[in-house]
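# what's the 3D shape of this:
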Amino acid sequence: MSETGETTLRVTGLHPIGRGVERPEHVLVAADGRVFASDKASAVAELIDESTVRRIGQAGGEPNGIALDRDGHFLVANWGLAVLQDLDPQTGAITAILSDHVDGRPLRWLNFVLVDSVGALWCSVSTMADDLLDTIARGTPDGFIFRVAPDRQSAQVVADAVNFPNCMALDRNEDYLYVVRTVAADVVRFPIEGETLGPPQRFGPPLGDRRPDEFGPDHGRFLADPETSRRWGMADGCAFDADGNLWVTLVLANRIVAISPDGQAQTVLDDLDGALLRAPTSIAWGGHDMRDIYIGSIATPYVLKGRSSVPGLPTVHQR
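The predicted structure follows:
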């Protein structure tokens, strides 16, 4: 596996931690340095060392995106269960913040939750279709983004007809909401205009290459071919480093790229055979110098930890 990108961005010393965690789609690092990941066997798991996991709560469904709020509670976007959950880490109690629908739109494929500096929640729903695979096959842009007010008494859709929105990130000044579009394998950003969003703008180049003839009911045949699925890439997770580069995971390509502030993309990690970096889905930074890097996955029973050549941008809960 190549661990050197085309620029000074690099990651070294990758090794597994938290063996035994189940489907660690999203990983985050608390302000005190503790590492957590979404965990299908519970709700959230603390990854204590290479082989020790402490499970918290029982969410059901498939916990996907997770976040920490101002009260130190976990927020869980429960994939397929159609509910945004609040997890008290002290008691393990789980309550529903929002379930079933928002503005008449179904939450079944609720993917990700992000907390901003005022305590509002930004959430992505990847598709409104019952059949997720059909959306992937056809590339139907029927996902949406909604915002939950800081007091959690109201929620509203702020972007419609988004092509399979997945992970999201805020820049340092919270001027834009950056959204990974999985099927399109790219990133768009929405200007934040108070409590809503402006029109999307493409950020950086396409990160995958799916030809027009590869959309449709035969998509499974293409996905079964490793070379084709690797070419598609399928963008998934994202996070900013302190220099303003947006790191993006390509789940089918076993690759991580970084998009610079001027929109240029460079490969940082590339594992052709998935020997170590396999189906990466999220990135988080932590440690005393914010250079410890963690990579989640939907295909491994562990999270990868390494050292980054640049520090990460502290998220809201780390500031």
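# where does this structure dip in pLDDT?
The chain contains residues with pLDDT under 70 at 1-7.
# try it again at 80.
Applying pLDDT under 80 to the chain flags the ranges 1-7, 219.
# strands along the stretch 201-319 of the chain, start to end?
201-202, 235-240, 246-250, 255-259, 265-270, 280-286, 292-297, 303-308 (DSSP state E, counting those that start in this stretch).
# which of the ones you listed sits closest to residue 209?
strand 246-250 (11.2 Å; C-beta to C-beta). Glycine gets a C-beta too; all of them are placed from N, C-alpha and C.
# in its sheet, what does that closest one sit against?
strand 235-240 (antiparallel), strand 255-259 (antiparallel) (DSSP bridges).
# what angle do it and strand 265-270 make?
50 degrees (axes from the mean of the first three to the mean of the last three C-alpha atoms, to 10 degrees).
# one step back: for residue 122, find the nearest of the strands paired with strand 246-250.
Across the strands paired with strand 246-250, closest to residue 122 is strand 235-240 (C-beta to C-beta), at 13.2 Å.
# which other residues reach the closest one?
Under the contact criterion C-beta atoms under 8 Å, 6 or more residues apart in numbering, strand 235-240 has outside partners 26, 166-169, 171-172, 178, 180-182, 184-187, 207-208, 246-251, 280-285, 296, 312-313, 315.
# who does residue 110 form a beta bridge with?
residue 125.
# what does residue 47 give?
The partner residues for residue 47, given DSSP bridges, come to residue 53.
# okay, now it: neighbour count?
Counted with other C-beta atoms under 10 Å, residues neighbouring residue 47 total 27.
# OK, contacts around it?
By C-beta under 8 Å, 6+ apart, the neighbours of residue 47 are 17, 18, 21, 27, 35, 36, 37, 53, 303.
# picking that back up, counting neighbours, which of the contacts of strand 235-240 end up buried?
When neighbours are counted using 16 or more other C-beta atoms under 10 Å, the contacts of strand 235-240 contain these buried positions: 26, 166-169, 171, 178, 180-182, 184-187, 207-208, 246-251, 280-285, 296, 312-313, 315.
# make CSV from the strands paired with strand 246-250 and add mean neighbour count to it.
CSV is the format used below for these (neighbours: other C-beta atoms under 10 Å):
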stretch, mean neighbour count
strand 235-240, 26
strand 255-259, 24
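# distance to residue 150 added to these, as CSV?
Listed next are the strands paired with strand 246-250 as CSV, based on distance: least, C-beta to C-beta, whole Å:
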stretch, distance to residue 150
strand 235-240, 22
strand 255-259, 30
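# my guess is residue 8 contacts residue 309, does it?
Yes. With contact defined as C-beta atoms under 8 Å, residue 8 and residue 309 form a contacting pair (5.9 Å).
# of the two, who's got more company?
Neighbours around residue 8 and residue 309, counted as other C-beta under 10 Å, are more numerous at residue 309. The numbers are 16 against 10.
# so what's the more buried one closest to, chain neighbours aside?
Spatially, and ignoring its direct neighbours in sequence, residue 309 is nearest to residue 10 (4.6 Å; C-beta to C-beta, 6 or more residues apart in numbering).
# which one of the strands paired with strand 246-250 lies nearest to residue 213?
Minimum separation from residue 213 across the strands paired with strand 246-250 (C-beta to C-beta) falls at strand 235-240, 20.9 Å.
# for the closest one, list the C-alpha coordinates in PDB.
The C-alpha coordinates for strand 235-240 follow below in PDB (Å, rounded to 0.1, in the frame of the first residue of the first chain):
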ATOM      1  CA  ALA A 235     -17.200   8.800  -2.000                       C
ATOM      2  CA  ASP A 236     -18.300   8.400   1.600                       C
ATOM      3  CA  GLY A 237     -16.600  10.200   4.600                       C
ATOM      4  CA  CYS A 238     -14.900  13.600   4.900                       C
ATOM      5  CA  ALA A 239     -13.000  15.800   7.400                       C
ATOM      6  CA  PHE A 240     -11.000  19.000   7.200                       C
END
